[in-house]
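Engineer: could you look at this predicted model? Sequence included:
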Amino acid sequence: MFKVKTSVKWVGALAIACLFLAPAANAQKLTDPEIASVAVTANQIDVNYGKIAVKKSHNADIKKFAETMIRDHEGVIKQAVALVTKLHVTPKTNATTKSLLEGEKKTTKMLNSKKGKAFDKAYADNEVAYHEAVINAIKTTLIPESSNAELKELLTSVMPVLEHHLHMAKEMAAKF
Amino acid sequence: MSITFGVAITLFTLSGCSGSSNQQNTPASADQSAAANGFTPNAVDNTHHNTDTVQIKAMAFSPANITIAKGDTVYWINNDVVAHDVSQFPDRTWKSALLQPHESFSRVFDDSSSYYCSIHPTMLGKVLMK
């Protein structure tokens, strides 16, 4: 049973990681407008997952975690929008952005198909996998490929927030 | 830089010493530039109490433990990318409002107190008395 659960988690994590890595593998280095688009999209997706959880879950811990995700990721989006406005950069949709949005559609469908504890577990597991994938993408792609120092600094300053979210998500997922 | 720092001290002294309330949330644009550049405002008010600054950055209070004299003011400034609060641990007998980036909160202490961010509960800090 444990092996089955672990395998399901691994498949989920791998699928989410591919949302960031597959397009990048065949693509040229991302430009700053493309990085801005990926960063804003990745944050907005987790806001959207949080809103689903607030609406569907009856678990107080899940709701509190989801509210934190909404507040924090909306805060990061606000900072990112302020920076790109200051830099006169217009976020540019790219293959990674599209891949993320496709992944969001599938995950949203999956989350909406579940109820009760099954939903709570699915949401918690997805938050672990999603944050692991985002952290990896920022470390290995977005920070190294960003040209503007302020954009690089913002991405770097978001890392402790994401690491904290991952820690919280793992603690929550362990309860199910 | 010294002018900015002086403005920060003046603003803080004006806002921190009026009224009977011992805790305030304030926008901190002037103070932020001083704190963000590594300065720690140790303003002295008319009653000779000091002000000590704790930065909130990278999901941590820095310094996490601060030692002050009775009656001193502790001033928290949120230099992080997300909102935080400052709440007495564990019962929230005193707490700040939600502090957006660049906002601040101050409180006068007569006793030691542990505190945390109630939004991100692994963020812990202590105010200790000399």
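Structural biologist: Noted; the coordinates are in hand.

Engineer: per-residue confidence for residue 53?
Structural biologist: Just so you know, I chose chain A. pLDDT, the model's per-residue confidence, is 98 for A:Ala53.

Engineer: not quite, go with chain B.
Structural biologist: 97.

Engineer: who does the helix or strand harbouring it pair with, and is each partner parallel or antiparallel?
Structural biologist: Taking DSSP states H and E as the definition, B:Thr53 sits inside strand B:51-57. As defined by DSSP bridges, the strand partners of strand B:51-57 come to strand B:60-62 (antiparallel), strand B:73-78 (parallel).

Engineer: elements contacting the helix ranked longest in chain A?
Structural biologist: In chain A, with assignment by DSSP state H, the single longest helix is helix A:60-87. If contacts are counted by 3 or more CB pairs under 8 Å, 6 or more residues apart in numbering or on different chains; DSSP states H and E, helix A:60-87 sits against helix A:32-56, helix A:116-137, helix A:149-173. From N, CA and C alone the C-beta is placed, and that goes for glycine too.

Engineer: closest to chain B out of the ones you listed?
Structural biologist: helix A:149-173 (4.2 Å; CB to the nearest CB).

Engineer: what about the closest residue to A:Lys115 other than its chain neighbours, neighbour count?
Structural biologist: The shortest distance from A:Lys115 to any non-neighbouring residue, by CB to CB, 6 or more residues apart in numbering or on different chains, is to A:Lys56 (7.4 Å). A:Lys56: 19 surrounding residues under other CB atoms under 10 Å in any protein chain shown.

Engineer: what's A:Lys56 in contact with, if anything?
Structural biologist: A:Leu111, A:Asn112, A:Lys115, A:Phe119 (CB atoms under 8 Å, 6 or more residues apart in numbering or on different chains).

Engineer: run through chain B and note the low-pLDDT ranges.
Structural biologist: B:1-47 (pLDDT under 70).

Engineer: at 90 instead, please
Structural biologist: B:1-49 (pLDDT under 90).

Engineer: I'd say A:Ser147 and A:Asp32 touch.
Structural biologist: Yes - look at A:Ser147 against A:Asp32 with CB atoms under 8 Å: they come within range, at 5.4 Å.

Engineer: residues contacting the nearest residue to B:Leu99 once chain neighbours are set aside?
Structural biologist: Leaving aside its sequence neighbours, B:Leu99 sits nearest to B:Asn78 (CB to CB, 6+ apart; 4.3 Å). B:Asn78 sits next to B:Ile56, B:His84, B:Leu99, B:Gln100, B:Pro101, B:His102, B:Glu103, B:Ser104 when contact means CB under 8 Å, 6+ apart.

Engineer: the first one against B:His84, yeah?
Structural biologist: Yes - proximity of B:Ile56 to B:His84 meets the contact threshold set by CB under 8 Å, at 5.2 Å.

Engineer: between these two, which contacts overlap?
Structural biologist: B:Asn78, B:Leu99, B:Cys117, B:Met123.

Engineer: hang on, the earlier thing: looking at A:Ser147 and A:Asp32, which is more packed in?
Structural biologist: Legend: neighbour count by other CB under 10 Å for A:Ser147 and A:Asp32, higher for A:Asp32 (19 against 11).

Engineer: ok, now which ones touch the more buried one?
Structural biologist: A:Leu87, A:Val89, A:Ser146, A:Ser147, A:Asn148, A:Leu151.

Engineer: follow-up on the earlier one: the residue nearest to B:Leu99 and B:Asp85: what is the separation?
Structural biologist: 9 Å (CB to CB, to the nearest Å).

Engineer: and the closest residue to A:Met69 other than its chain neighbours, what does it touch?
Structural biologist: Closest residue to A:Met69 apart from its sequence neighbours, by CB to CB, 6+ apart: A:Gly50 at 4.0 Å. Residues near A:Gly50 by CB under 8 Å, 6+ apart: A:Ala66, A:Glu67, A:Met69, A:Ile70, A:His73.

Engineer: of all those, which comes closest to A:Ala39?
Structural biologist: A:His73 (10.5 Å; CB to CB).

Engineer: my guess is that closest one meets A:Gln44, correct?
Structural biologist: Yes - using CB under 8 Å, A:His73 makes contact with A:Gln44 at a distance of 7.3 Å.

Engineer: neighbour-wise, which of the two wins?
Structural biologist: For the pair A:His73 and A:Gln44, the greater number of neighbours falls to A:His73 (26 against 17), based on other CB under 10 Å.

Engineer: pLDDT score assigned to the more buried one?
Structural biologist: For A:His73, pLDDT reads 98.

Engineer: check contacts around it.
Structural biologist: Taking CB under 8 Å, 6+ apart as the test, what A:His73 contacts is A:Asn43, A:Gln44, A:Asp46, A:Val47, A:Gly50.
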